[in-house]
Structure formats: structure tokens, C-alpha cells
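[1] The following comprises the amino acid sequence and a computationally predicted model.
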Amino acid sequence: MWMALGEMLAQMVGRLPEFDEDPVQELTKSADALLVRFKYENDRQCARTLILFRAISNLIRVALETSINACDAAVDEANTKLVGDAVLQDWAKGVMAETTDSFTKRCTREYPWIASQSEFRSNKALLIQEVKDRIDTCTSKHAVRLAEHLRQEVEMLMGGYRAEKRKLEMTALPADEAVLRRDHTAITQDVLDRFDSDEEAVADSAAYKDFRSQLDHSMGAEWDRLRKKNIELWKVYSDDATACALEMNRKYVKESCPQGWMCLFKLWPSSHAGRVKANLDECFETKSSVKMPISMRQAVFDSWYEKELGKEAAEVRQNLMVFLFTLTLPVVWISWLTTRSRKIL
């Protein structure tokens, strides 16, 4: 009975199918095959990625070298020119913009996503620094070359100016100072105009302004020497007049200062200078061998009075100090005695 029941239950449950190979082993083999396939695909994908990144690195490197070479070419060309500050600044901005834009376009033309990569950003920063260093070096060299060029230009113009000045000295001296100034101003203005015309391209540079100021100052110093030379020549031509004035001074002292230095001429500087000037003016009219322009008389007098009568003028000032001290001392002494007496009382 129980056996029959067991057979009946076995028929109800069913039988497992029969396998040619153990299912576990078959599943293990299938899993291993999948793993091998996945590993192969992964290795192949990694190889592709590595090749791509190497290609990208090479692309960035080539783009960097090309951009730097383009910058070097622009710098080499700039080193052959002299320009003003505005043009130089525009050039520097243009070189920086062109090189960085070229680098970006070369890198992102086929792979726009490269712009987001750290390698691209670091190389672009390196490019910017390299270009900036080259621009700074070029700018410094340009300043040196421009200064040397302007120095040579100033030397050349000063040589021409001195030649014209010598012609003026030989043909015009001695002359009325107003006329001499007019002729000299015409020469200096012509020199400055030539400098402005020759260096118009760099007129906005600090070096241009500095060297133009030096040129103007140098010609101003030459004018001072020319003016003094003109005065000295007039003084030489006026030897008769100055000798006459000295004689009139001695005569005036004998007549007006019989008591020695106690007279205005020997005591008061302005009185002394005024009387000497009046004597010289009179001698200019009567004794001078060359007719001197009235406008030159004061300058000739100042030079003559300072150089020829400087010692005498110093004695007059000394006499005045002695005189004032002599007057002041008794007043101070009396004031001191009065103050002392009041304290005693």
C-alpha cells in the first residue's frame, strides 16, 4: 500500500530533465567566456582611449609650439621697427590675441570638448606666460633701440645747429640782442621742426618727449653762451666808452667826495651804480667808436660793472655796512644804559 502511494506521489511531482553536462559547470563556462569577452572589449576600449589621449596631448603640444613660433616671428618683425607707445601697445594686444586664439582653434577644431580638459587649460596658461615674457622683452629692447636712435638724431641735429650758429656768430655779431634772438629762434625752430618731422611716428613716446626736451634745453644753453658772447663783443667794441666812464668816475669822486668815503657815491650801492651808469651812457654817446643800440647798453653795463667794477662795488657795500653799524652802535649802547638805569632804580 505504501509503495503504491509513493509511486503515485512521484508521478505527481514530476522528474527533473536529464542533462548531458552538469548545469553548474555549464554556467561556470558561460560566465568565464563572458568575462573573457568583456575583458577583451575593455582592453580594446582602454587602448583606444589611451591612443586618443596621446593624440590629444600631441595635438596640444603641436598647437603650443606653432603658436609660440608665430609669436617669435611677430617679435622678430617688431624688432626691426621703431613705433610709438600706442602702436606698440596695440601690437602687444594683437600678438597676445592672435596666438591664444590660434592655439584654441587648433585644439578645438575637431574636438571642441578639449577646451574643458585640464591639459588644455594648463598649456594655454603656459602659452599666455610665454607670449607675455616675449612681449616684455621685445618692449624693453624697443625702448633701448628707440633711445639710441633718438640720441643719434639729437647729436646730428645739434651738429647742424652748431654749424648754423657759427655762421650767425661770424656774420651778425655784435648785434642788437632782439635781432640776434630772432635769428637764433629761427634756427632753433627749424631744428625742432626737423626733429618733429623725422620722428613723427614715435611722437607719443616718453623717449621722444625726453629727447626733444634735451634738444631744446641744449639749444637754450647755446643761446645763453651766444648772448654773453654778443655782450662781451659789444663791451670790447666799447673800450673807449668804458675808459671814458672810468675817468668820469674818478673825476666825480674828486669833486663830490673830498671827505673820503662819506658820500653817497662811496656809501650807497644804488647811488654808485646809478652814477656809473649815467657816466657810461654819456660816454656811449660821445666816445664810443661803434654806435651801440640803446637796447644793448644795460646788458653791457651789467657785464662791465660786475667784472670791471666788482671790487669797487663791494667796497661801497662794505662802507654802507660800516656806516650803519656806526649809527646803530650808539643807539644800542644808550638803550642798554637806559634799561640798566631803570632796573637799578
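    On my side now, so go ahead.
[2] if I read this right, Asp240 contacts Thr286, doesn't it?
    No. Counting by CB atoms under 8 Å, Asp240 does not reach Thr286; the two are 9.4 Å apart. Where C-beta positions appear, they are placed from N, C-alpha and C, glycine not excepted.
[3] list the contacts for the residue nearest to the spatial centre of the chain?
    Ranked by distance to the mean C-alpha position of the chain (CA atoms, centre = their mean), the top residue is Ala206 at 4.5 Å. Residues in contact with Ala206 (CB atoms under 8 Å, 6 or more residues apart in numbering) are Asp85.
[4] what's the spacing between it and Arg212?
    Look at Ala206 and Arg212: by CB to CB, to the nearest Å, they are 11 Å apart.
[5] Also Asp240?
    In this view, Asp240 and Arg212 are 45 Å apart by CB to CB.
[6] Same check on Lys251?
    55 Å.
[7] Have a look at these two and say which one is more surrounded.
    Arg212 (18 against 11; other CB atoms under 10 Å).
[8] For Arg227, which residues are in contact?
    Contacts of Arg227 (CB under 8 Å, 6+ apart): Glu177, Leu180, Arg181.
[9] Let me have the residues you listed in a markdown table, adding neighbour count and pLDDT as columns.
    Converted to a markdown table, the contacts of Arg227 look like this (neighbours: other CB atoms under 10 Å; pLDDT from 0 to 100):
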| residue | neighbour count | pLDDT |
| --- | --- | --- |
| Glu177 | 19 | 90 |
| Leu180 | 21 | 93 |
| Arg181 | 15 | 94 |
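[10] Out of those residues, which comes closest to Asp101?
    Distance to Asp101 across the contacts of Arg227 (CB to CB) is lowest for Arg181, with 58.7 Å.
[11] quick one, phi/psi of that closest one?
    phi -60, psi -40 (degrees, to the nearest 10).
[12] residues in contact with it?
    The neighbourhood of Arg181, defined by CB under 8 Å, 6+ apart, consists of Trp223, Arg227.
[13] any idea how far Arg61 is from it?
    For Arg181 relative to Arg61 (CB to CB), the value is 69 Å.
[14] again, but for Lys93
    26 Å.
[15] again with Arg145
    According to CB to CB, Arg145 stands 34 Å off from Arg61.
[16] which one of the two has more residues nearby?
    Applying other CB under 10 Å to Arg145 and Arg61 shows that Arg145 carries more neighbours, namely 15 against 12.
[17] thinking Arg162 is in contact with Ala221, fair?
    No. At 11.8 Å, Arg162 does not count as touching Ala221 under the criterion of CB under 8 Å.
[18] Compare those two and say which is more crowded by neighbours.
    Arg162 (14 against 10).
[19] Which strands and helices lie in contact with whatever helix or strand Met158 lives in?
    In this assignment (DSSP states H and E), Met158 forms part of helix 118-172. Judged by 3 or more CB pairs under 8 Å, 6 or more residues apart in numbering; DSSP states H and E, the packing partners of helix 118-172 are helix 23-78, helix 85-108, helix 177-198, helix 206-237.
[20] Any chance of CSV for these, columns distance to His149?
    Listed next are the helices and strands packed on helix 118-172 as CSV, based on distance: least, CB to CB, whole Å:
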stretch, distance to His149
helix 23-78, 15
helix 85-108, 14
helix 177-198, 10
helix 206-237, 9
